[in-house]
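[1] show me how the following folds:
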Amino acid sequence: MNNPMLVAVRTLLKETFDGPEENASWYTEAKPGSGLFGTLEKLSAKDASVSVNGTTIAAQTDHTRYYLWVANSYLNGEEPKKDWEASWKITNINEMTWEQFNEELRQEYTTLLNKIDSLDSLDEETSHSLLGAIAHSAYHLGSIRQMSKVIKVQSQI
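    Below is the predicted model of the structure:
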């Protein structure tokens, strides 16, 4: 990949989801497990079902997956029918559903990385889609990390 912007987009998405590479970071904590997948793997379905300020980590996770699905659809030239509210209704999930949410998130992320790898250049719409995916996913990573701290404290009370 010779396009510096595509390299940067891929690097920041990988940091958001996989975590930073070898104690180096552009914006997350520079330690293993700081990305979304590392954060989520430390949580059980029970943890993901705890409501914090009116939402759950399960809902945040599925919403992030859904956003990536929408972005992937647009990048494939499709106009997806969107239901942004659906993921926010998720409350109590079991371990099987939690595993499914995490796997589907990983699939959408992998699809997006593969799409980035297939690009040679960026037009304005693609740039917006990719930068939006970074910003949106980073926002939910921060939300989930903060929520997990609250859940940890609540479980110790």
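
[2] where in this protein is pLDDT low?
    In the predicted model of the chain, residues 1, 23, 157 satisfy pLDDT under 70.

[3] top helix in it by residue count?
    Counting residues, the longest helix in the chain under DSSP state H turns out to be helix 124-156.

[4] elements contacting it?
    Here helix 124-156 touches helix 4-18, helix 36-41, helix 45-48, helix 57-75, going by 3 or more CB pairs under 8 Å, 6 or more residues apart in numbering; DSSP states H and E. All C-beta spots, glycine's among them, are computed from the backbone N, C-alpha and C.

[5] try it again with 10 Å
    Where contact means 3 or more CB pairs under 10 Å, 6 or more residues apart in numbering; DSSP states H and E, helix 124-156 is packed against helix 4-18, helix 36-41, helix 45-48, helix 57-75, helix 95-118.

[6] right, so these: which one is the most enclosed?
    Per-residue neighbour counts averaged over each of these give the maximum for helix 57-75, namely a mean of 22 (mean count of other CB atoms under 10 Å).
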